[in-house]
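**Q** compute the structure for the input listed below.
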Amino acid sequence: MAGRTVRLTVLALAAVAGWGCRSKPQPPVAAHPNVLFITVDSLRADHLGVFGYPRDTSPAIDALAREGVLFTRAIAQATWTFGSVPSFVTSRYPQSHRRVFPGVGRGGERPVGGGPIVLLGAEDVTFPRLLRAAGYRTALVTDHAGLRQIVGLSQGFDVVEATSGRRSAAWVGEAARAQLRALVDRPPFFLWAYFNQLHYPYLTDSPLGAKFQGDGKQVTGKRLPFSDERFGVRDAIPAIARIGNHQEVDFYVAAYDGCLAAADQAIGELLGELAALGLDRSTVVVLNADHGELLGEEGFYFTHGAVLTPANIHVPLLFRLPNILARGTRVGGTVSLLDLAPTVLSAVGVDARPMAPAGKNLTPCFTAPEQCERGEAFSAAHRARQFGVVDDRWLYRCENGVACGLFAFPGETGPGADRSAGEPAAVADLSRRLADWTGQHPGEIEERAGLESLDDETIAVLRELGYLR
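**A** All right, here's what the predicted structure looks like:
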């Protein structure tokens, strides 16, 4: 793919696929298909059934993957929401955006947690803005109220429905279904449903919240002490993630999986509504996560952002295309969430050049997966000052630019898992690539804006989620 630009719309892909002769005739695809974009906050890929997870956490997402194209090595560019989301909507790395750290708000609030809070302004081109400029009706539904103002996403939407506090996945699903019904006669549309139920502290009050408690799977028998620290604590339950008086690791993992099951159920109902309205034949469906979650990796529990590890950056990325018979395609090469925006725009025939994307267009991989057999992706955990590169075998990461290690990906990380000594060629190659990337995208946090512009509601939400203190 290097050295040439490939732009394939859904209509062109249907012709390229050449499978129509082997199946029943399909209805024509609209010149500009609708887009249903689904994001599940804090969803690590390896807790989905389609990745082999033993619990039945994700029947709807698994079915969606069987009907479309699944990228099995998709990498988030940041381990925290306010770095990752602005990056995948603009196809730019977190370091290239305006950011706040350690800016102080009116009440003395300071950002804490995974990393800097990235702000988007009028000069930042997002792919929803380009879709809107191309004539799409755009809507965002989310229970992550801080997302709207912090990353400036509302500038790209005709309708934004965001709660003032966290709600269940069922609420997001119902609100998204209502938006579908409102948009059905106004194509083309772009609807983004952003689910936050998996974010710590895990919401356990849904009907599926206790589904996996005591099921005999994922059993460690381990108990952890409580910590008064909100982030960055090892071998303890951080204060921000505590649920009642539960100290059992198995309880929290089962709660996380129950939240995933609840989000999956809402996603299944949303996809059912899409089909019932007859929109599945004219809609591109995209699903991703902003980052993963730490469930004990390197001693960190029930948060994210503390360390650069597969659990934190390996996320689902899948596309279902209308009337394209690339069903059940699995693409194994390493790709980046930066690739999402140019891929969506290419799939619906909208020019991505105004956003000058750092990512690449993945649509050729839909019908020729071998075009994505080899790749690389870069990521960062700013709080730990860790930066890394993932290729099709390894994660190579450095802390403060010096303490480096080579780890199988996916796999364990930490001192005992470092494979550097036995793989000098891989270390030499990946260290060069990481040095080249960090040279182009310096990791130093530069304060370019303050928190003074945030309203009281947004600050309260950020405090609840642990992003401010």
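**Q** drop to CA atoms for contacts and neighbour counts, all remaining ones
**A** Noted.
**Q** for the stretch 301-450 of the chain, what spans make up the helices?
**A** Ranges of helices in the stretch 301-450 of the chain, per DSSP state H, counting those that start in this stretch, are 310-313, 340-347, 363-367, 424-440.
**Q** the ones you listed: which one's closest to Asp62?
**A** When those are compared for distance to Asp62 using CA to CA, the nearest one is helix 363-367, at 17.6 Å.
**Q** packing partners of the closest one?
**A** In this structure, helix 363-367 makes packing contacts with helix 10-17, helix 340-347, judged by 3 or more CA pairs under 8 Å, 6 or more residues apart in numbering; DSSP states H and E.
**Q** lowest mean pLDDT across the helices of the stretch 301-450 of the chain, which one is that?
**A** Taking each of the helices of the stretch 301-450 of the chain in turn, the one with the lowest mean pLDDT is helix 363-367, at a mean of 91.
**Q** can I get it in CSV, CA atoms only?
**A** This file holds the C-alpha atoms of helix 363-367, laid out as CSV (Å, rounded to 0.1, in the frame of the first residue of the first chain):
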residue,chain,number,x,y,z
THR,A,363,-10.5,-0.7,2.5
PRO,A,364,-8.2,-2.6,0.2
CYS,A,365,-7.8,-5.1,3.1
PHE,A,366,-11.6,-5.9,3.1
THR,A,367,-11.3,-7.9,-0.1
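**Q** can you give me the helices for the stretch 51-200 of the chain?
**A** Remark: helices assigned in the stretch 51-200 of the chain by DSSP H, counting those that start in this stretch are 59-66, 81-90, 127-133, 145-150, 169-183.
**Q** most tightly surrounded among those helices?
**A** With neighbours taken as mean count of other CA atoms under 10 Å, the helices of the stretch 51-200 of the chain reach their highest mean count in helix 81-90, at a mean of 26.
**Q** same for that one, what does it pack against?
**A** Secondary structure elements in contact with helix 81-90, counted by 3+ CA pairs under 8 Å, 6+ apart, are strand 117-119, helix 127-133, helix 340-347.
**Q** the same query, at a cut-off of 6 Å, please.
**A** Identification of packing neighbours for helix 81-90 by 3 or more CA pairs under 6 Å, 6 or more residues apart in numbering; DSSP states H and E yields strand 117-119.
**Q** for the stretch 151-300 of the chain, which spans come out with low pLDDT?
**A** Filtered on pLDDT under 70, the stretch 151-300 of the chain yields the residue ranges 151-154, 164-166.
**Q** actually the stretch 351-469 of the chain, not the one I wrote
**A** 384, 442-455, 457-458, 461-469.
**Q** ok so, going back, now render the helices of the stretch 51-200 of the chain as a markdown table, adding distance to Thr309.
**A** Putting the helices of the stretch 51-200 of the chain into a markdown table (distance: least, CA to CA, whole Å) gives the following:
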| stretch | distance to Thr309 |
| --- | --- |
| helix 59-66 | 23 |
| helix 81-90 | 15 |
| helix 127-133 | 28 |
| helix 145-150 | 24 |
| helix 169-183 | 27 |
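**Q** looking at the ones you listed, which is nearest to Ala425?
**A** Each of the helices of the stretch 51-200 of the chain has some distance to Ala425 by CA to CA; the shortest is helix 81-90, at 30.6 Å.
**Q** now do the closest one: distance to the chain's middle.
**A** 9 Å (CA atoms, centre = their mean, to the nearest Å).
**Q** shift numbering so it begins at 59
**A** Noted, 59 is the first residue going forward, which turns the last one into helix 139-148.
**Q** what does it contact?
**A** Contacts made with helix 139-148 from outside it, assessed by CA atoms under 6 Å, 6 or more residues apart in numbering, are listed as Gln135, Ala136, Tyr151, Pro152, Ile175, Val176, Thr184, Phe185, Asp348, Leu395, Leu396.
**Q** deepest in the core, which of the helices of the stretch 359-508 of the chain is it.
**A** Burial among the helices of the stretch 359-508 of the chain, expressed as mean neighbours by mean count of other CA under 10 Å, is greatest for helix 368-371, which shows a mean of 30.
**Q** next one: that one to chain centre, how far?
**A** With CA atoms, centre = their mean as the basis, the distance from the averaged C-alpha position of helix 368-371 to the chain average is 11 Å.
**Q** neighbours of Gly107, just the number please.
**A** For Gly107, the tally of surrounding residues (other CA atoms under 10 Å) stands at 18.
**Q** residues contacting Val373?
**A** Applying CA under 6 Å, 6+ apart, we find Val373 in contact with Arg102, Ala103, Ala132, Ala347.
**Q** give me every residue that touches the second one.
**A** If I follow you right, that is Ala103. By CA under 6 Å, 6+ apart, the contact list for Ala103 reads His372, Val373, Pro374.
**Q** what are the phi and psi values at it?
**A** Backbone dihedrals for Ala103, given as degrees, to the nearest 10, come out at phi -60, psi -40.
**Q** bridging residues for the nearest residue to it once chain neighbours are set aside?
**A** Nearest in space to Ala103, with sequence neighbours left out and distances taken as CA to CA, 6 or more residues apart in numbering, is Val373 at 4.7 Å. Here Val373 sits in beta bridges with Ala132, going by DSSP bridges.
**Q** re earlier: now, the most widely separated pair of the contacts of helix 139-148?
**A** Taking CA to CA as the measure, those reach their widest spread between Ile175 and Phe185, a distance of 20.0 Å.
**Q** of the helices of the stretch 359-508 of the chain, which is nearest Glu470?
**A** Between Glu470 and the helices of the stretch 359-508 of the chain, the shortest separation by CA to CA is 7.8 Å, and it involves helix 368-371.
**Q** which residues touch that closest one?
**A** With contact meaning CA under 6 Å, 6+ apart, helix 368-371 is reached by Arg102, Ile133, Ala134, Thr137, His349, Gly350, Glu351, Leu352, Pro468.
**Q** how about JSON lines for those residues, with distance to Ala319 and neighbour count added?
**A** Formatted as JSON lines, those follow (distance: CA to CA, whole Å; neighbours: other CA atoms under 10 Å):
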{"residue": "Arg102", "distance to Ala319": "13", "neighbour count": "25"}
{"residue": "Ile133", "distance to Ala319": "22", "neighbour count": "30"}
{"residue": "Ala134", "distance to Ala319": "22", "neighbour count": "33"}
{"residue": "Thr137", "distance to Ala319": "22", "neighbour count": "30"}
{"residue": "His349", "distance to Ala319": "18", "neighbour count": "31"}
{"residue": "Gly350", "distance to Ala319": "16", "neighbour count": "33"}
{"residue": "Glu351", "distance to Ala319": "16", "neighbour count": "31"}
{"residue": "Leu352", "distance to Ala319": "18", "neighbour count": "22"}
{"residue": "Pro468", "distance to Ala319": "23", "neighbour count": "17"}
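**Q** need the residues you listed in JSON lines (columns: distance to Ala297).
**A** Converted to JSON lines, the contacts of helix 368-371 look like this (distance: CA to CA, whole Å):
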{"residue": "Arg102", "distance to Ala297": "22"}
{"residue": "Ile133", "distance to Ala297": "28"}
{"residue": "Ala134", "distance to Ala297": "26"}
{"residue": "Thr137", "distance to Ala297": "19"}
{"residue": "His349", "distance to Ala297": "21"}
{"residue": "Gly350", "distance to Ala297": "19"}
{"residue": "Glu351", "distance to Ala297": "16"}
{"residue": "Leu352", "distance to Ala297": "15"}
{"residue": "Pro468", "distance to Ala297": "29"}
